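Chemist: Sequence first, predicted coordinates after that:
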Amino acid sequence: MASLSPLVEHLLRRAGFGVGAAEASRYNRLSFLSVLDDLLNFDPAESDVDAHIGTPGYVGITTAGQFSPNQVINDARQRWLFRLVHSPAPLQEKMALLWHQHFATAYSKVQSIVGATDATRMMAAKPSDDPGQARGQLELFRQFALGNFRDLLLEVAKDPAMLVWLDGRLNTKANPQENFGRELMELFTFGLNYVEADVYAAARVFTGWNMTTTGTRGTASAYYAFNYNPAAHETSSKTFSFPIYPNGSKTIPARSSTGGLQDGIDLINALAMHPETAQRLAGKLWTWFVDEVSAPDDAFIQSIANVYLQSGADMKTVVQAVLSSHQFLDTGRYFHRYAWPAEFVPRALKEVGYLGFSVNDALTPMVNMGQQLFEPPDVAGWELGPGWFSTGRMLARMNFAAQLATNQRFALRDLSKPYALTPESLVSFVVDTLNVPSPASDVYSALTNYVRSGGTWSASDAQVLVKAGGLFHLVVGSGDYQFL
């Protein structure tokens with residue numbers, strides 16, 4: 001077996017989606033810093049694994065007709081889950097998932113307005129595969145996974161899915177629409193540090209940030225895109241309760257309609273570099289990467305906020321600081337993050353196995369666990385913390401563990417056979433493979449007793465077939481496996 005240090009395993013659980021055979025082989029005996037460098041400095045061109053969809057040796061897909069992830073939302077969900085399992089750049093996908101939560105946008109509302117095909121394009125289209133080179137919101141998040149947060153904010157403000165989701169497409173000087181401006185401040189940047197007058201001012205800032213169709217209507221190349229409409233922009237000055245410019249001025253000056261796009265850019269610049277934005281993002285990164293069980297460390301929050309501001313909102317620099325902080329390295333914080341369904345499922349597929357399994361088979365179980373990709377429940381995104389583990393949701397995780405272990409039972413028998421000489425060695429192998437904490441003595445005894453039950457242990461193929469699969473089921477469905 002490949003040898004990874006506990007610290008590297010910790011890094012791959014938090015900055016990736018567990019430790020499958022590919023990671024174990026790739027990072028065998030590498031230092032923590034070497035692995036961190038590899039995760040941070042991924043090549044986007046080399047991280048594209050979509051060409052392997054539907055090929056032997058990878059988790060499968062199931063589709064009615066041609067697989068069309070740019071146009072069919074169920075196929076788009078399968079493609080993203082496939083990437084979570086197989087991407088050689090797991091940190092890119094981990095950050096894309098974080099941004100999907102941060103800028104929560106639901107397919108269902110978008111679909112109700114533009115239809116299923118265009119809604120899927122808005123959410124997930126890959127430009128190289130789209131006849132109109134449309135870039136879906138997920139591709140935006142992947143592109144800016146470790147990019148500049150200020151640039152990401154600007155792109156999100158122009159993103160067609162966001163323009164539909166928060167009604168920016170309707171924002172005109174005759175009827176200023178407040179939704180995007182409010183969420184830009186409250187959820188996307190500095191939190192509840194605004195007054196109601198700021199919301200109205202922000203609505204006016206973004207008047208004219210609308211949407212149009214490009215390409216020829218009725219053809220595959222036609223698609224929705226951002227359009228700044230000068231005639232719809234409100235040109236008067238806009239005053240806020242917080243500074244917009246480095247000189248302390250709180251007022252965006254009156255501009256001509258043709259220059260009005262700069263209003264939104266100025267507000268985004270101010271919010272991106274506001275100290276409270278830095279603090280809130282540091283707090284989000286604490287719960288996402290470091291510890292969701294304990295309260296944020298004040299020294300960590302201040303340190304990461306300073307890195308954010310000093311780097312000019314460069315998320316690669318910020319995430320590097322997070323993942324090399326002494327708080328992240330603290331062994332007492334291992335397994336202090338509640339695994340989302342979108343983390344639990346790909347981790348289980350990577351660590352248990354997936355040959356002959358389809359990611360489509362995981363989509364309904366994920367819904368039962370409380371999460372559907374591209375469908376956060378509201379603008380605040382999914383609930384965080386132990387709320388993932390209601391009785392029904394935990395049962396869904398246990399059922400998925402049973403489904404997967406049963407599907408993989410022959411592969412698990414063959415994988416486990418060399419380590420099955422004794423019940424103790426088989427239990428140790430399964431625990432090590434699944435990267436869970438060392439079981440408490442009573443749990444360890446229960447697992448070894450399970451292996452012994454049914455007769456004298458001889459490590460026959462028939463015994464290992466039943467007991468290895470059963471152990472993988474029990475551990476993946478256990479409380480310990482639900483933490484990262």
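Modeler: The structure has been received and is ready for your questions.
Chemist: For the rest of this, base every contact and every neighbour count on C-alpha atoms.
Modeler: Noted.
Chemist: all strands for this structure, in order.
Modeler: Shown for the chain, the strands assigned by DSSP state E span residues 209-214, 223-228, 238-239, 251-252.
Chemist: For Ala119, which of these is the nearest?
Modeler: strand 223-228 (9.8 Å; Cα to Cα).
Chemist: I'd like to check the angle between that closest one and strand 209-214, please.
Modeler: 140 degrees (axes from the mean of the first three to the mean of the last three Cα atoms, to 10 degrees).
Chemist: Contacts only, for Ile73.
Modeler: 116, 120 (Cα atoms under 8 Å, 6 or more residues apart in numbering).
Chemist: how many neighbours does the spatially closest residue to Leu163 that is not a sequence neighbour have?
Modeler: Leaving aside its chain neighbours, Leu163 sits nearest to Arg169 (5.2 Å; criterion: Cα to Cα, 6 or more residues apart in numbering). Arg169 has 23 neighbours, counted by other Cα atoms under 10 Å.
Chemist: Please name the residues that touch Arg169.
Modeler: Here Arg169 is in contact with 163, 209-211 (Cα under 8 Å, 6+ apart).
Chemist: Please repeat the previous calculation with a cut-off of 6 Å.
Modeler: Listed by Cα atoms under 6 Å, 6 or more residues apart in numbering, the contact set of Arg169 reads 163, 210-211.
Chemist: how far away is Thr317 from Leu36?
Modeler: Applying Cα to Cα, to the nearest Å, the value for Thr317 to Leu36 is 12 Å.
Chemist: Pretty sure Trp209 sits against Ala231.
Modeler: No: applying Cα atoms under 6 Å as the test, Trp209 and Ala231 come out as separate, 10.7 Å apart.
Chemist: quick one: which of those two has more around it?
Modeler: Ranked by neighbour count (other Cα under 10 Å), Trp209 and Ala231 place Trp209 first, with 24 against 14.
Chemist: what bridges to the more buried one?
Modeler: For Trp209, the beta-bridge partners are Tyr228 (DSSP bridges).
Chemist: Tell me, how many residues neighbour Gln408?
Modeler: Considering only other Cα under 10 Å, Gln408 is surrounded by 21 other residues.
Chemist: same deal with Ser34?
Modeler: So Ser34, with other Cα under 10 Å, has 12 neighbours.
Chemist: now the residue most central in space within the chain: how far from Leu81?
Modeler: Against the mean C-alpha coordinate of the chain, by Cα atoms, centre = their mean, the closest residue is Leu97 at 1.3 Å. For Leu97, the distance to Leu81 (Cα to Cα) stands at 11 Å.
Chemist: Spatially, what comes nearest to Val8 if we skip its sequence neighbours?
Modeler: Phe32 (5.4 Å).
Chemist: what's the average pLDDT for stretch 277-294?
Modeler: Averaging pLDDT along stretch 277-294 yields 97.
Chemist: what's next to that stretch, contact-wise?
Modeler: Residues outside stretch 277-294 that contact it (Cα under 6 Å, 6+ apart): 14, 189-190, 301, 304-305, 328, 336-337.
Chemist: Format those as TSV; extra columns: pLDDT.
Modeler: TSV is the format used below for the contacts of stretch 277-294 (pLDDT from 0 to 100):
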residue	pLDDT
Arg14	98
Thr189	98
Phe190	97
Ile301	98
Ile304	98
Ala305	98
Phe328	98
His336	97
Arg337	97
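Chemist: nearest to Asp118, of those?
Modeler: Lowest distance from Asp118 to the contacts of stretch 277-294 (Cα to Cα) belongs to Thr189, with 28.4 Å.
Chemist: Neighbours of the closest residue in space to the closest one that isn't next to it in sequence, how many?
Modeler: Distances taken as Cα to Cα, 6+ apart place Thr277 nearest to Thr189, at 4.8 Å, with adjacent residues excluded. As a burial measure, Thr277 scores 25 neighbours (other Cα under 10 Å).
Chemist: and Thr277, how far is that from Phe190?
Modeler: From Thr277 across to Phe190, the span is 4 Å (Cα to Cα).
Chemist: domain ranges for the protein?
Modeler: By the record's domain assignment, the chain is partitioned as 276-333, 416-484 (automatic domain parsing).
Chemist: who wins for proximity to Gly356 among those?
Modeler: Nearest of these to Gly356, taken as Cα to Cα: domain 416-484 at 15.5 Å.
Chemist: where does that closest one sit relative to the chain's centre, distance-wise?
Modeler: For domain 416-484, the separation from the chain centroid amounts to 31 Å (computed by Cα atoms, centre = their mean, to the nearest Å).
Chemist: still on that earlier bit, can you check the pLDDT for the residue nearest to the centre of the chain?
Modeler: Note on Leu97: pLDDT of 98.
Chemist: picking up where we left off before, separation between the residue nearest to Leu163 and Asn210?
Modeler: Using Cα to Cα, Arg169 is found at 4 Å from Asn210.
Chemist: for the stretch 201-350 of the chain, which spans come out with low pLDDT?
Modeler: Counting by pLDDT under 70, the stretch 201-350 of the chain contains no low-confidence range.
Chemist: Thanks a lot, catch you later.
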